[in-house]
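>>> Structure for this input, please:
(chains A and B)
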Number of protein chains: 2
Amino acid sequence: MLLLAPNANPTLGPWLAEELSAVSSLLEAELVSDLDCVNDLVGHVEAYRGKMLRPMLVLVGGLAASAVHKPLDESGPRPGSLPHRKLATVVEMVHLATLVHDDVLDEAEVRRGRRTLNVLRGNEAAVILGDYLISHAFRLCSSLERPWIAEAVAQTTNTVCEGELLQLANRDNWALSEATYLEIVQRKTASLCGVCCELAARLEDAPEQVVTALGSYGRDVGVAFQITDDLLDILGDEGAVGKSLGRDLLKGKLTLPMIHALARDGAQREAVAAACGQDGEPTVGRLQQLLESSGSLAYARRMSQQLIDRAKVALAALPASPARTALEDMADTVLTRQL
Amino acid sequence: MLLLAPNANPTLGPWLAEELSAVSSLLEAELVSDLDCVNDLVGHVEAYRGKMLRPMLVLVGGLAASAVHKPLDESGPRPGSLPHRKLATVVEMVHLATLVHDDVLDEAEVRRGRRTLNVLRGNEAAVILGDYLISHAFRLCSSLERPWIAEAVAQTTNTVCEGELLQLANRDNWALSEATYLEIVQRKTASLCGVCCELAARLEDAPEQVVTALGSYGRDVGVAFQITDDLLDILGDEGAVGKSLGRDLLKGKLTLPMIHALARDGAQREAVAAACGQDGEPTVGRLQQLLESSGSLAYARRMSQQLIDRAKVALAALPASPARTALEDMADTVLTRQL
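Here you go, the predicted model:
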C-alpha cells in the first residue's frame, strides 16, 4: 500500500506511480544473477516490498527541492531523473536488507502476511541474502559516480547498524529510558529517512537550508513512523499489519508506550510488567487495557503527532509546490497507516 | 602469522611490516563508534585478524605494478601510498565481515584458537556486526573518491555472496561436481583476491596486461589458498589451525579431496561415504587413511601446486623487482601454510 495513493493527488499521483514502477524494475534488474539459486532467493524477498516509503521520500523530496529553481507554474512533475531513481532503488535495497536481517534477529515467522525467508529457507540463506542486497545497494550507488552520495549512504548504514546494536544491547532492559529508545530510533530508522530527503535535495543543487529542512522532515517522519509501528505491534489487527502481534515484547524490545507505562509508580507499573511478559509470555489483550488506562497509548500518539507537525513546519523552508503538498500528505498518512 | 615474514625478504620486510601496521591502525580507527556497546563488539572481531593475505596482495601487488614505470634500481619500497593503505583496509574489512557471517552460517565455535563472536555474544550480534563491517568497508571505499574502485569492490562482494549462496544450495550434495566446487571457490574466495591485485595495479596506472596478469595471479593464489584450507580441515592439527577439524564435512560442505574420492567407483567410494559422515558424524582419522590411499589428498595437493605455478608464470608480465619476488614467495607460502 502506498502512503500516497496514485489517485490521492491528481497532479502527482500518475507521475509517482510511474516513478515507483521504474524503481521496482531497476531493483529487479539489478538483483538478477546468472545463478538460478540466487534468483530463486531474490524472488522471496520481492514479496517483502511494501510501502516504498524511502523511495517516495527520494522521489517526492527531490521534486519538492527542485521547485526552488522554478516558477510555481513549472513546479509540477517532470520527466524522471535517473540519479533519483537509482538513489531511490539504493535506499529500498538497504531497507530490504535490514528487514531480512531483522527477521533473522527476531526469529520472525511472518512479514506482510507471508512466511519470512528465514523460516522458509533457513537463517543461513537469510544472512547471505541480506549481504547480497547491501552489496548490490553499494554497487548501484557507486554507479552514480558521485562519491559524496556513496559516502553518505555508507555513513548512514553505519549509523543504522549502530542503532541495531544499541537496541540489541538493550534487549530485556526493562528500565530502558525514553532517551535511549529515541537514540535507537534516530539511528535505526530516522537516519535513513533523513538521508533520503537530504541527498534528493542535494542532487537538485538545492540551497543548504532546503537540504537541512528536508533532512529534518525525513528524520521526524521516520521517528513518527517507528512510533506508529510500536502502536501497531500492540494494537494492530494481525491480518492487517501482516506480522505477529506483541512481537517486540516477546523479543524483549521495549516500545514507547511500554517505556511510558513502566515509568509510572506503584501497582499500575507492576500490572504492566506482568502483562508485558517480564515473567513470561505477554498477554496482549490485558496490556492494551493497561496502556490505555495509564495514558501510555495517548502519550505515544501525541508524540508522533508532534513529530509530524514539526516535520510539516520544516517544509516551510521550501517554496509551495504540488510536491511539497504531497510531502505534507505523506507525513499525515504515517499517523493513520494500518500497514 | 604473515605469509611473508618481515625478515624473510630483507628489502621489503620492514616496509611491509610498517604498511601492515598502518592498515591495522586505519582499520581500528575506522571502526570506532561513539557507542560503547559497538566498540565492545568490534574488540572481539579484532582477534579474528590473522594472515592479512588480502591487504598484502594490495600492498605488494601495487608495489610490483609500480615497477613498470621505474628503472630496476628504484623499484624497491617507497613511502606508503594512502590509496593503497585504504584499499588494503577495505578488503580486510570485507574479509572480516565474511568470516563473522560465515561463523554464524557454520555455527562455528572456534576461530584462530578463540571462541567465535556468535558463541560469545549470540548470532544476532554477529549478524549486525558483519553488516557494520561491510558498511564501514564501503564508507572507507567511497572516501577514496574513485567511483571505479567502489564499483569494483561492490561488484566483487556481489560475487562473493553468490558464491556463498551457491555453496549453501549445495550443502549435503554428496554428488557435488568438481566444476561446481571450483565455481563456488572462484566466486567466494578467488574473486576478492583477484580484485585486490587488479585494483592495486590500476591505482598505479599500470598497463592493462599487468592488471590482467596480477588479477590472474590473485585468483589462482585464492583458489590454491582454499584448497590448502580444505586439506587443513581434514589433516591439520586442531591447535595449529585454530579451528575445529572436519568442520566442513559436519556442515555438509564437500571439499576437493572428498569430491575426488567420492567420484571413485565401488567399495572405496562406499567406505569414504561412510567415514565422511553421510550417515552420521565424520570419523576424521579413518577418512585421512582413505583419502590417502585413494590418492585424493595427492590430487588436491597437485592441483594447488599447479595453481601456484601458474600464478607465478603470470607474474612474468611484470618487470623483475623485489616486490615481484615477494609475490612469488607469498604464492609458495600458501602451499605450506599451517594457519
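>>> shouldn't A:Ala213 be in contact with A:Ala311?
No: A:Ala213 lies out of contact with A:Ala311 (CB atoms under 8 Å); the separation is 9.7 Å. Bear in mind the C-beta positions are built from the backbone N, C-alpha and C, glycine included.
>>> Around chain B, which positions in the stretch 1-150 of chain A sit nearby?
A:33, A:35, A:37-38, A:41, A:97, A:101, A:104-105, A:123-125, A:127-132, A:134-136, A:138-139, A:141-147, A:150 (CB under 8 Å from any CB of the partner chain).
>>> give me the number of residues near the residue of the stretch 201-339 of chain A found nearest chain B?
Proximity of the stretch 201-339 of chain A to chain B (CB to the nearest CB) peaks at A:Lys251, 9.4 Å away. Neighbour count for A:Lys251, taken as other CB atoms under 10 Å in any protein chain shown: 16.
>>> any idea how far it is from A:Ser191?
Going from A:Lys251 to A:Ser191 by CB to CB, to the nearest Å gives 22 Å.
>>> Also A:Ile259?
21 Å.
>>> Kindly report the same for A:Ala125.
Taking CB to CB as the measure, A:Ala125 falls 28 Å from A:Ser191.
>>> what's the average pLDDT for stretch A:217-224?
Taken as a whole, stretch A:217-224 carries a mean pLDDT of 98.
>>> returning to what we had before: is it correct that the residue of the stretch 201-339 of chain A closest to chain B is in contact with A:Arg171?
Yes: with contacts counted by CB under 8 Å, A:Lys251 reaches A:Arg171, the gap being 6.9 Å.
>>> Can you pull out the low-pLDDT segments for chain A?
A:1-8, A:106-121, A:237-245, A:277-282, A:338-339 (pLDDT under 70).
>>> Tell me where it has strands.
A:110-111, A:114-115 (DSSP state E).
>>> Contacts only, for the residue nearest to A:Leu87 when sequence neighbours are not counted.
Leaving out its chain neighbours, the residue that sits closest to A:Leu87 by CB to CB, 6 or more residues apart in numbering or on different chains is A:Val58, at 5.2 Å. Applying CB atoms under 8 Å, 6 or more residues apart in numbering or on different chains to A:Val58 gives the contacts A:84, A:87-88, A:91, A:196-197, A:199-200.
>>> rerun that using 6 Å as the cut-off
A:84, A:87-88, A:196, A:200 (CB atoms under 6 Å, 6 or more residues apart in numbering or on different chains).
>>> Most neighbours out of the residues you listed, which is it?
Neighbour-wise, those (other CB under 10 Å) top out at A:Cys196, 34 neighbours.
>>> which residue packs closest to that residue, ignoring adjacent ones?
In space, A:Cys196 is closest to A:Leu57, 4.0 Å off (CB to CB, 6+ apart).
>>> any idea how far chain B is from the one you found?
20 Å (CB to the nearest CB, to the nearest Å).
>>> same deal with A:Gly61?
According to CB to the nearest CB, A:Gly61 and chain B sit 22 Å apart.
>>> okay, now that residue: neighbour count?
A:Gly61, neighbours per other CB under 10 Å, totals 34.
>>> what does A:Leu232 give?
21.
>>> repeat for the one 3 residues further on
Number of residues near A:Leu235 (other CB under 10 Å) recorded here: 16.
>>> Once you drop chain neighbours, what's closest to it?
Distances taken as CB to CB, 6+ apart place A:Gln288 nearest to A:Leu235, at 6.3 Å, with adjacent residues excluded.
>>> Repeat that for A:Leu203.
A:Pro83 (5.3 Å).
>>> what helices or strands is the helix ranked longest in chain A leaning on?
Using DSSP state H to define each element, chain A has its longest helix at helix A:208-235. Here helix A:208-235 touches helix A:53-66, helix A:191-202, helix A:296-314, helix A:322-336, going by 3 or more CB pairs under 6 Å, 6 or more residues apart in numbering or on different chains; DSSP states H and E.
>>> I'd like the distance from that helix to the chain centre, please.
Its chain's average C-alpha position is 8 Å from that of helix A:208-235, according to CA atoms, centre = their mean, to the nearest Å.
>>> and what of stretch A:69-79?
28 Å.
>>> neighbours of A:Glu74, just the number please.
11.
>>> From the residues of the stretch 1-150 of chain A next to chain B, keep the buried residues only.
A:33, A:35, A:37-38, A:41, A:97, A:101, A:104-105, A:123-125, A:127-132, A:134-136, A:138-139, A:141-144, A:146-147, A:150 (16 or more other CB atoms under 10 Å in any protein chain shown).
>>> In helices only, show me these.
Counting by DSSP H, the part of these found in helices is A:37-38, A:41, A:97, A:101, A:104-105, A:123-125, A:127-132, A:134-136, A:138-139, A:141-142, A:147, A:150.
>>> Hmm, A:Ala275 is touching A:Arg286, no?
Yes: contact criterion CB atoms under 6 Å: A:Ala275 and A:Arg286 qualify, at 4.3 Å.
>>> Who has more neighbours out of those two?
Counted by other CB under 10 Å, A:Ala275 and A:Arg286 do not tie: A:Ala275 has more neighbours, with 21 against 14.
>>> ok, so what distance separates the more buried one from B:Leu203?
A:Ala275 is 61 Å from B:Leu203, by CB to CB.
>>> Now A:Thr180. Nearest residue, chain neighbours left out?
Closest residue in space to A:Thr180, ignoring its immediate chain neighbours: A:Asn170 at 6.4 Å, by CB to CB, 6+ apart.
>>> A:Arg310 now?
For A:Arg310, the spatially nearest residue (CB to CB, 6+ apart) is A:Asp220, at 5.3 Å.
>>> Please apply the same query to A:Arg264.
Using CB to CB, 6+ apart, the closest residue to A:Arg264 is A:Ser294 (5.7 Å).
>>> Run a quick neighbour tally on that neighbour.
If you count neighbours by other CB under 10 Å, A:Ser294 ends up with 20.
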